[in-house]
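> Give the three-dimensional model of this entry:
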Amino acid sequence: MPNLLLITVSSFGFIKGKKAGVLAGFFAGILVDIYFSQIIGFHALLYMYIGYFNGFFKRLFYKDELKLQILLVGCSDFVYGLSYYLLTFLLRGRFHFTYYLINIIIPETVYTILMTIVFFLIKTLIQKFFISEDRKAKHDIV
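Residues are numbered from 1 along each chain as shown. The predicted model follows:
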């Protein structure tokens with residue numbers, strides 16, 4: 001299952017900067033903690049770190065550049081999966097890392113990357129539609 005909140009947090013980080021990434025990560029993580037976790041703040045901390053570190057790439061981000069978005073979201077999801085494994089399973093003595101890597105982390109990363117591509121394509125289609133509508137409206141007025 002793709003991690004849609006991670007896509008959102010990463011996007012806020014590399015589009016708007018570190019502060020926006022941290023805020024988006026905090027609120028996304030708190031929502032996950034409230035609905036799915038027994039420990040409040042665990043996911044909030046993970047998502048905040050992801051948003052913060054994606055904020056470092058604000059200077060390199062171009063709105064039409066898909067490669068950087070895919071790379072950042074993919075790395076963020078992989079790091080999220082590794083961190084989640086280390087902090088929840090490894091500390092409790094469950095050492096099935098290869099099973100978790102092959103069956104959980106890698107498929108989730110692939111699905112998240114695919115959803116990032118789909119969202120990017122939808123975003124560009126919407127932008128092209130509205131830009132062409134704006135141009136038509138300007139020519140009709142003049």
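> quick one, strands of this protein?
Along the chain, no segments are classed as strands by DSSP state E.
> By mean pLDDT, flag the weakest helix or strand of it.
helix 106-141 (a mean of 82; mean pLDDT, DSSP states H and E).
> ok, now how distant is the nearest residue in space to Asp64 that is not next to it in sequence from Lys63?
Among residues not flanking Asp64 along the chain, Thr124 sits closest, at 7.6 Å (C-beta to C-beta, 6 or more residues apart in numbering). Every C-beta, even on glycine, is put in place using the N, C-alpha and C of the backbone. According to C-beta to C-beta, to the nearest Å, Thr124 stands 9 Å off from Lys63.
> Also Ile40?
Separation of Ile40 from Lys63 (C-beta to C-beta): 35 Å.
> any weak-confidence spans in this structure?
The model of the chain has pLDDT under 70 over residues 133-142.
> If we use 80, what do you get?
By pLDDT under 80, the weakly predicted segments of the chain are 61-65, 90-95, 131-142.
> and Thr124 and Lys63? which has more neighbours close in?
Neighbours per residue (other C-beta atoms under 10 Å) separate Thr124 from Lys63, with Thr124 holding more: 13 against 10.
> coming back round to it: mind giving me the packing neighbours of the least confident helix or strand of the chain?
For helix 106-141, the packing partners by 3 or more C-beta pairs under 8 Å, 6 or more residues apart in numbering; DSSP states H and E come out as helix 4-16, helix 66-84.
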